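1. Quick one, fold the following:
(chains A and B)
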Amino acid sequence: MRAILLACGLTMSAVLATPAPSAVPTLVGKPAPDFVLKSTDGRNLRLSEYRGQVVLINFWARWAGDSRQEMPALDKINTTYSRAGLVVLGVSVDEDARRSGEFAQSMKLGYPILFDTTAAIGRDYLLQKLPVTILVDRSGVVRYSSAGYKRGDDRAYLDQIRELLRE
Amino acid sequence: MDFKHRIVAITLRSGLLACALALSAGTFATAADTVPAAQPDPMPKVDTSAQPAAGAQAEAPAAAPAGDASAAPPAADAPASDFKTLDQEVQGMKKDVIDLNKDLFVLQEELLFPANTQVAVYVSMDVGTFFALDSVTLKIDNKEVKNYLYTAREAQALLKGGVQEIYLGNLKVGKHELVAFFTGKGPVERDYKRGATITFEKGVGAKYLELKITDRVTKHQPEFKIKDWE
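-> Below is the predicted model of the structure:
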């Protein structure tokens, strides 16, 4: 009897200890929320004006260490695939646009960096962890979303980008 | 026609349209099943998996169960004109859907922004030699209602004669103040920020205001005006 009770107790505690599978909100399959933001060179860029091209949006912040690793990889992707119709947009969610602009300049990136100082666009894109990389297809629908970055993740981006560029 | 009548009319129309679509879907489900594979689908966008309504089965004798061999020959022998008629009907329904959508849009606009409280603000630009528009911020009664950043394409569109509806909202009858701040590049590529203010009387009808950016050639400066369209 004690053994049965113990087994029941252990099962119950295991069930309670297991985190409930919480659905991470994602925009995949939904239209990408439109935005217009100021870029490092002073131009205002609107996402919907890139309809017809594959767009990679990378949300980053200076304080997110993974962003520093990811940005050079994205710059390489931009250099290789921009001629094929890929547009890379970096969106800084730092409150201080000047400092994040300086940081981006020090990284010598070939793609535009936009400033979302109020994080309003970040909220629209349901950011929970930085960096976040999102791929938007030619019709403006989010097709891929990835939070965080570890070495080698850019290969997954490349697979997705090639597929989207072929469509 | 007042709003209530229009809502009832649109609801009735949409109901009828839904019934018609259900009927056509039912008829098509059977027709599509019996069409030889090599023949091009006359209406590829119709969802053939849709279950026909009970009424549809009663009214459409051709709607025999899919896969029933006895039902196949009559449908297969059906002349091409039947498909043509069906196609025309579907095209007609599509047109009805578009019309209905248009009506709903107009109704939504009228409900959300009724004419008696509606205030619309437009932006236009003339010449633009002395000013490159970057953004416009609108304040009504000291409350920011809009902050719009212009891309190069949008600014070009304004220079080519385009007029943009920058704001549509509701205001009570009475006196109100609109302040518009324009930022951009002024003469000699200098950062430029200017404001324009207007106090207007909101009456019973809709109110239309236009923010006009023009060049004052004599002073080599841009000019910002707010025009009240009576």
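2. ok, how many other residues are close to B:Lys94?
-> Neighbour count of B:Lys94, defined by other C-beta atoms under 10 Å in any protein chain shown: 13. (C-beta placed from N, C-alpha, C; glycine too.)
3. Let me see the contact set for residue 114.
-> Let's take chain A. Taking C-beta atoms under 8 Å, 6 or more residues apart in numbering or on different chains as the contact definition, A:Leu114 lies against A:37-39, A:45, A:89-92.
4. I was after chain B.
-> Contacts for B:Pro114 were tallied using C-beta under 8 Å, 6+ apart; they are B:Asn170.
5. okay if I get the contacts of A:Leu114 as a markdown table plus neighbour count, secondary structure and pLDDT?
-> Formatted as a markdown table, the contacts of A:Leu114 follow (neighbours: other C-beta atoms under 10 Å in any protein chain shown; DSSP: H, G, I helix; E, B strand; the rest coil; pLDDT from 0 to 100):
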| residue | neighbour count | secondary structure | pLDDT |
| --- | --- | --- | --- |
| A:Leu37 | 21 | strand | 94 |
| A:Lys38 | 19 | strand | 92 |
| A:Ser39 | 18 | strand | 92 |
| A:Leu45 | 20 | strand | 95 |
| A:Leu89 | 23 | strand | 95 |
| A:Gly90 | 27 | strand | 94 |
| A:Val91 | 27 | strand | 94 |
| A:Ser92 | 26 | strand | 93 |
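6. ok, which of the residues you listed also contact chain B?
-> Restricting the contacts of A:Leu114 to those touching chain B (C-beta under 8 Å from any C-beta of the partner chain) yields A:37-38, A:45.
7. Just the closest of those to B:Glu89, please.
-> Distance to B:Glu89 across the ones next to chain B among the contacts of A:Leu114 (C-beta to C-beta) is lowest for A:Leu45, with 46.2 Å.
8. List the buried residues for the helix or strand hosting B:Thr214?
-> Per DSSP states H and E: B:Thr214 is located in strand B:207-216. The neighbour-count check on strand B:207-216 (16 or more other C-beta atoms under 10 Å in any protein chain shown) flags B:207, B:209, B:211-215 as buried.
9. Check stretch B:147-157 too.
-> So, applying 16+ other C-beta under 10 Å, buried residues of stretch B:147-157: B:148-151, B:154-155.
10. residues in contact with that stretch?
-> For stretch B:147-157, the surrounding residues in contact (C-beta under 8 Å, 6+ apart) are A:36-38, A:43-46, A:49, B:125, B:128, B:132-138, B:158, B:164, B:166.
11. who in chain B is up against chain A?
-> Near chain A, when you scan chain B using C-beta under 8 Å from any C-beta, you find B:134-135, B:149-154.
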